[in-house]
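Novice: give the three-dimensional model of this entry:
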Amino acid sequence: MTDRLGTAAPHGSDAVSRPIRSRSSRLGAVIVAVLVAGCGQPTPPQPPPTPETSIQSAPSGPIRFTAQELAFQYERGESGFAWPVEVTGGGVALRDFDGDGDLDLFFAQGMPLPVGRTDHPPADVLLRNDGERRFTDVSAAWGLTPKGYGQGVAVADYDGDGDPDVYVTRYGANTLWRNDGGRFTDVTAEAGVGCPLWSLGAAFLDYDDDGDLDLFVANYFDFDEAAAPFAYDANGQPDYGTPARFPGQPDVLYRNDGDGHFTDVTASAGVAGSGRGMGVLAADLDGDHRIDLLVANDAEANAAWINRGDGTFDEAASRIGLDLNAAGQAEANMGIAFGDTDGDAVPDIVISHFVGEHDTLWRARGQPGSRFYQDETYAAGLGSASKPFTGWGIALADFDLDGLLDLLVTNGQIRREPGQPFPYENPPLLWHGLAGGRFDDVTDSAGPYFRQLHMGRGLAIGDLDDDGDPDAVITHHQAPAVVLWNESPRSGHWLRVELRGHAPNRDALGAEVTLEAGGRTFFTPITSGGSYLSAHDPRPLFGLGPCDLVDRLTIRWPSGQLESHTKLPVNQSRLWLEPAD
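Specialist: Predicted coordinates for the structure are as follows:
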């Protein structure tokens, strides 16, 4: 375990290494600008993990990870009265904050409860990636100071100056950290985005097609601290109860005015809602090239806000099939994964859920502009293994580069559930994607981390060591965060795509990348949100299987402009700049 300031605990801490029974030299990626030729580089052998950073090694299996503890631990507070906020936080974001070419780690930090109980509360944390699997805490040097009880993280270059900014959701007023080229400045007040409600998920998007990035915030519920605890366990101790007893709070949409200020347009856009919002995804859900919003609501129907193209949204979760599962049940919806699970070049949706409910896969069907979703969880083989666990962070990624997306889910209970074998800590789940859209549970063979119990929360995916395959960062409660280094045997080739749009949307949010290779079509949009309160690396990393040449790559920029390239070499990163108008 660690103290609340994030000092790493000795390896083998009980909170991170409790076993469970079995359940059945970095590669320098070639960055090349558009129209400049580049050849793939061979992958040199990985350097052996150093004793002071590696805590676990990986066995044989289709996907393998080694786990490394980080000098960060989420401070959940522990009021002593079982406040619901104690169980929800712990978001993480992966981005190159300092512009040196590799991914750094930003963590939202909680604090002791009640807020203000200590004169020295912790601040949000930035760990700089120093290469060779080493990270340095540069939070103070970057100006991160205590701002409140943190929950989640959303990242985008909202001001178009070329570096990523950070929005932290909180229990209390949220914070917008503007990146001023090596130092963060709190610009919440001048930007007007300090939503005072209990916020969880957030995502940036250009909902009105004016070129700059707006901000959507999902809010959870309201509770009276003085009335806590709201439930008691079998021993008469304070417990967290269920969210169903609390009314949801309205979500908020902030329009970017282009001058550093945002305007609350929730009412005029029609997206207030009244659900208990947790995860958020900003993506094109119906295939009409407009950015929509999916809100995972806790213990009630999800909300799917479909963009009408006139500055307003239509709530259509029931119409497109994303409100309830196939049994007509509202679930405890938490994290969201978005990706093509069946090879039809259309992204599907997987949402993590509470103990007793399976994580649910909705597959996209229908034509562009009239797309709908069907619950095909059991057909994909995902129906039962997740039921004993409470899922949070979730991601689809091709960990072994075989051309099929795999599924990773972090788990951890919030209270003791009668008849369940895991009171608080749970194992994570790892599913290997198979041809035909099915998944195989490979959790037990993925490494020691996956055979242990954890109180997992946030999850973000990105290639942290630049070796061409995706790694993962997971936050925990009552234990340090970890990096899961991907050591999977290579099952194929890869290509990573980085898009740089015109200011103010330099992130090219809303762009779409279509790749054709070996008779297959791969499709990945540039989205915001997803997982649980966390932000993945937005650069698509395509696993290509045996394909050693990309036949065609097509970029649809947010403006609608199309750009196409043919006969691209593999096993490299490529940077494309948005063409001039």
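Novice: now the strands for the stretch 101-250 of the chain?
Specialist: 104-107, 125-131, 134-137, 149-156, 165-171, 175-179, 184-186, 199-205, 214-219, 231-232, 238-239 (DSSP state E, counting those that start in this stretch).
Novice: quick one, grab the pLDDT at Cys195.
Specialist: pLDDT recorded at Cys195 is 97.
Novice: turn the strands of the stretch 101-250 of the chain into TSV, columns for mean pLDDT and mean neighbour count.
Specialist: For every residue, glycine as well, the C-beta is placed using N, CA and C. Output for those, formatted as TSV (pLDDT from 0 to 100; neighbours: other C-beta atoms under 10 Å):
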stretch	mean pLDDT	mean neighbour count
strand 104-107	98	26
strand 125-131	97	21
strand 134-137	98	16
strand 149-156	98	28
strand 165-171	98	27
strand 175-179	98	23
strand 184-186	98	18
strand 199-205	98	29
strand 214-219	98	27
strand 231-232	92	14
strand 238-239	92	16
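Novice: where exactly do the strands run in the stretch 401-550 of the chain?
Specialist: Remark: strands assigned in the stretch 401-550 of the chain by DSSP E, counting those that start in this stretch are 406-411, 429-433, 439-441, 452-453, 456-462, 471-476, 482-486, 493-500, 512-517, 520-525, 528-529, 541-545, 549-556.
Novice: redo those as a markdown table? Include mean neighbour count.
Specialist: Formatted as a markdown table, the strands of the stretch 401-550 of the chain follow (neighbours: other C-beta atoms under 10 Å):
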| stretch | mean neighbour count |
| --- | --- |
| strand 406-411 | 28 |
| strand 429-433 | 26 |
| strand 439-441 | 18 |
| strand 452-453 | 20 |
| strand 456-462 | 28 |
| strand 471-476 | 27 |
| strand 482-486 | 25 |
| strand 493-500 | 22 |
| strand 512-517 | 20 |
| strand 520-525 | 19 |
| strand 528-529 | 28 |
| strand 541-545 | 23 |
| strand 549-556 | 18 |
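Novice: out of those strands, nearest to Val125?
Specialist: Closest of those to Val125 is strand 471-476, at 10.5 Å (criterion: C-beta to C-beta).
Novice: by contact count, what packs against the closest one?
Specialist: In terms of contacts (3 or more C-beta pairs under 8 Å, 6 or more residues apart in numbering; DSSP states H and E), strand 471-476 is packed against strand 92-95, strand 391-397, strand 456-462, strand 482-486.
Novice: would a markdown table of these with mean pLDDT and distance to Glu78 be doable?
Specialist: Formatted as a markdown table, the helices and strands packed on strand 471-476 follow (pLDDT from 0 to 100; distance: least, C-beta to C-beta, whole Å):
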| stretch | mean pLDDT | distance to Glu78 |
| --- | --- | --- |
| strand 92-95 | 98 | 21 |
| strand 391-397 | 98 | 19 |
| strand 456-462 | 98 | 15 |
| strand 482-486 | 98 | 22 |
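Novice: would TSV of those strands with distance to Thr475 be doable?
Specialist: Converted to TSV, the helices and strands packed on strand 471-476 look like this (distance: least, C-beta to C-beta, whole Å):
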stretch	distance to Thr475
strand 92-95	5
strand 391-397	8
strand 456-462	4
strand 482-486	9
